[in-house]
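Chemist: quick check, what structure comes out for this input:
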Amino acid sequence: MVIDPDYLLGRDPVVIEQNWTQRDTILYALGIGCEELDFVFEERLKALPTMAVVLGYPGFMWRDPAMGADWTKILHGEQSIIIHKPLPSEGVFIGENRITHLFDKGAEKGAIALVKRSIRGKDGTHYADTVATTFLRGDGGFGGSSEGAPVPHPVPTDRAPDLSEALKTANNAALIYRLSGDLNPLHIDPEVAQSAGFDRPILHGLATLGVVGRSLISELMDNDPARLKRMNARFSKPVFPGETIRTDIWREGDGKAAFQAFSVERDTMVLNNGYVEFAA
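Modeler: Next comes the predicted model:
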């Protein structure tokens, strides 16, 4: 079956409305290992900007037969977060999800889809946009162009990182993070994980992104989440709950930096081509 690009690009957006509470904000923070009171105590609660990835989340919409894609061969390849206004710790959020671009790599190479989510408050305040780059490994050859596909941000290879921080994840990190909305059994059921080629359940990629976001905010922004403006990264390898994630950071001028992240225990890169913008 070949996907219909006109249909996918012309579909009405999937709109999700969420009544988000401080309890939800705290649960998200706990899912990415936060212990700082600013992020887990309701009397002084601040929302982490990476929380945008779970606001207005429509679920795994590629599983809908109407999409025409082979959902068993889909990978979440990259993620971008753009913050327009600091996220509040509670409120009604509306996520408008739409496919904005399709790039055809060829019949044997698959395709790339960009899925954009605009996140607004009930009053219309535009808080954030997220863009997920999805690799449709089984759906190339529909006659589209590969030109214009996103180019990953280069990370310096000629010098050591300027900053580095290592954060250990909890053994039950995936069990907590899934309560923020991503209930994929790959992250909890050993049999499902083994059928996918893993020894045991893996941590959600967006949870890894959140842990790395914590390091970026701590090392570059004096732990002030309101200073983060943009964060992009490409997923390289999964993290297993309980592993330590080390984030290496290269400054690239005022308010800009590149980064990579590694599983310390396996000496394996888990995020690459990272780029962050922040208020200096």
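
Chemist: can you give me the helices for the stretch 101-250 of the chain?
Modeler: 173-177, 190-195, 205-220 (DSSP state H, counting those that start in this stretch).

Chemist: who's Ser80 bridged to?
Modeler: Val131, Asn232 (DSSP bridges).

Chemist: can you give the domain ranges for this structure?
Modeler: 5-136, 163-278 (automatic domain parsing).

Chemist: can you give me the neighbour number for the residue nearest to Arg246 when sequence neighbours are not counted?
Modeler: Residue nearest to Arg246 in three dimensions, not counting chain neighbours: Ala166, with 4.2 Å by C-beta to C-beta, 6 or more residues apart in numbering. Every residue, glycine included, has its C-beta placed from N, CA and C. Counted with other C-beta atoms under 10 Å, residues neighbouring Ala166 total 13.

Chemist: tell me the contacts of Ala166?
Modeler: Thr244, Ile245, Arg246, Thr247, Val264 (C-beta atoms under 8 Å, 6 or more residues apart in numbering).

Chemist: if we go to 10 Å?
Modeler: Taking C-beta atoms under 10 Å, 6 or more residues apart in numbering, we find Ala166 in contact with Ser215, Thr244, Ile245, Arg246, Thr247, Asp248, Ala261, Phe262, Val264.

Chemist: right, and the fifth one touches Val155 too?
Modeler: Read that as Thr247. No: look at Thr247 against Val155 with C-beta atoms under 10 Å: they stay out of range, at 11.8 Å.

Chemist: just how off-centre is the single longest strand found in the chain within its chain?
Modeler: The strand that spans the most residues within the chain, counting by DSSP state E, is strand 91-106. How far strand 91-106 lies from its chain's middle: 13 Å, per C-alpha atoms, centre = their mean, to the nearest Å.

Chemist: buried residues, that strand. List them.
Modeler: 91, 93-99, 101-105 (16 or more other C-beta atoms under 10 Å).

Chemist: same check, this time on stretch 261-272
Modeler: In stretch 261-272, counting by 16+ other C-beta under 10 Å, buried: Ala261, Phe262, Ser263, Val270, Leu271, Asn272.

Chemist: now these in a markdown table, with secondary structure?
Modeler: A markdown table is the format used below for these (DSSP: H, G, I helix; E, B strand; the rest coil):
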| residue | secondary structure |
| --- | --- |
| Ala261 | strand |
| Phe262 | strand |
| Ser263 | strand |
| Val270 | strand |
| Leu271 | strand |
| Asn272 | strand |
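
Chemist: farthest-apart pair in those residues, please.
Modeler: Ser263 and Asn272 (12.7 Å; C-beta to C-beta).

Chemist: touching both of those two, which residues are there?
Modeler: With C-beta under 10 Å, 6+ apart, Ser263 and Asn272 have common neighbours Ser236, Lys237.

Chemist: quick one on the thing from earlier: from the contacts of Ala166, which is closest to Phe278?
Modeler: Ser215 (12.8 Å).

Chemist: of all the domains of the chain, which one is nearest Glu147?
Modeler: That would be, of the domains of the chain and by C-beta to C-beta, domain 5-136, which comes in at 7.7 Å.
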